[in-house]
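Engineer: structure, please.
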Amino acid sequence: MREITATGQSVEEAIQSGLAQLHVTKEQVEINIIDEGKKGIFGIFGTRPSIVKLTIKINPVDAAKEFLTSICKTMDIDIQIESKTDGKHVLFQITSDKAGLLIGKRGQTLNALQLLTQLVLNKNSEEYMTIRLDAENYREKREASLIQLANRIAARAIRENKEISLEPMPSFERKVIHAALATNKHIKTYSEGTDPHRHLVISPK
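Structural biologist: Modelled structure (predicted):
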């Protein structure tokens, strides 16, 4: 039960009645006063009860976790999620016997799940939040691999004196390469194309 309509002799009494039925605190619900009620003459004639509607606030992180668990279940993959929230940033660390299937080739499946989960997260959040999905510390390993790739391609671009286009990557992976080569005075990096085919170009200056 996520919402309930409650009545009482006063608005506060109606609210307390609804909270008791939902087993939640006042901070966990949105309150909509439908009718403030009327005491009537001598508190008897013309009396009308107060009516309120209480709706449980959806925790965006819990909603995102529930969605991710559900979609993995349809893939016949059991997962455990450890979540950590830092301001507007959320980290989901996933543990599973089938982590390789969740990650996919070059992290494509994990990236797709991250995008979908972030949509659910922000659908239920009053402010924009970002989410990072990781499984078996893949993100850390991928970043190290991207930095190695960046340096290798940069050296090749300088040696052959030509610009080199990389494969399409999500924006957060392109940023890793941009950052890795930011201090290299001999090359420049920029992105071309539109998602999902947007890619990074490494070019000698």
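Engineer: any idea how the chain splits into domains?
Structural biologist: With domains defined by automatic domain parsing, the chain comprises 3-56, 60-136, 140-204.
Engineer: now the ones you listed in TSV, with mean pLDDT and mean neighbour count?
Structural biologist: Every residue, glycine included, has its C-beta placed from N, CA and C. Below are these laid out as TSV (pLDDT from 0 to 100; neighbours: other CB atoms under 10 Å):
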stretch	mean pLDDT	mean neighbour count
domain 3-56	86	14
domain 60-136	94	16
domain 140-204	94	15
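Engineer: what helix or strand is the residue positioned nearest the centre of the chain on?
Structural biologist: The geometric centre of the chain, computed from its C-alpha atoms, lies nearest to Q118 (CA atoms, centre = their mean), at 3.0 Å. Applying DSSP states H and E as the criterion places Q118 in helix 108-123.
Engineer: and that helix, what does it pack onto?
Structural biologist: helix 60-74, helix 99-103, strand 130-135 (3 or more CB pairs under 8 Å, 6 or more residues apart in numbering; DSSP states H and E).
Engineer: centre of the chain to it, how far?
Structural biologist: Its chain's average C-alpha position is 6 Å from that of helix 108-123, according to CA atoms, centre = their mean, to the nearest Å.
Engineer: what's the answer for stretch 122-131, then?
Structural biologist: 6 Å.
Engineer: first to last residue in it, what's the distance?
Structural biologist: 10 Å (CA to CA, to the nearest Å).
Engineer: which outside residues touch the one helix or strand I51 maps to?
Structural biologist: Counting by DSSP H and E, the element that carries I51 is strand 50-56. Strand 50-56 is contacted by residues 1-11, 13-15, 18-19, 22, 24, 28-37 when judged by CB atoms under 8 Å, 6 or more residues apart in numbering.
Engineer: go on, stretch 144-160?
Structural biologist: 163-164, 166, 173, 176-177, 180-181, 184, 186-187, 202-204.
Engineer: quick one: distance of the helix of greatest length in the chain to the chain centre.
Structural biologist: The residue-count maximum for a helix in the chain (DSSP state H) belongs to helix 138-160. When C-alpha coordinates are averaged (CA atoms, centre = their mean), helix 138-160 and its chain have centres 28 Å apart.
Engineer: downstream of that helix, the next helix or strand is which one?
Structural biologist: Sequence order places strand 164-165 as the next helix or strand after helix 138-160, per DSSP H and E.
Engineer: helix or strand: which one has T189?
Structural biologist: Element membership of T189, judged by DSSP H and E, is strand 187-192.
Engineer: same for whichever helix or strand comes after that strand, what does it pack against?
Structural biologist: Where DSSP H and E defines the elements, the next helix or strand beyond strand 187-192 is strand 199-204. In terms of contacts (3+ CB pairs under 8 Å, 6+ apart), strand 199-204 is packed against helix 138-160, strand 164-165, helix 171-180, strand 187-192.
Engineer: what would the ones you listed look like in CSV with distance to K105?
Structural biologist: Compiled in CSV, the helices and strands packed on strand 199-204 are given as follows (distance: least, CB to CB, whole Å):
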stretch, distance to K105
helix 138-160, 12
strand 164-165, 19
helix 171-180, 14
strand 187-192, 22
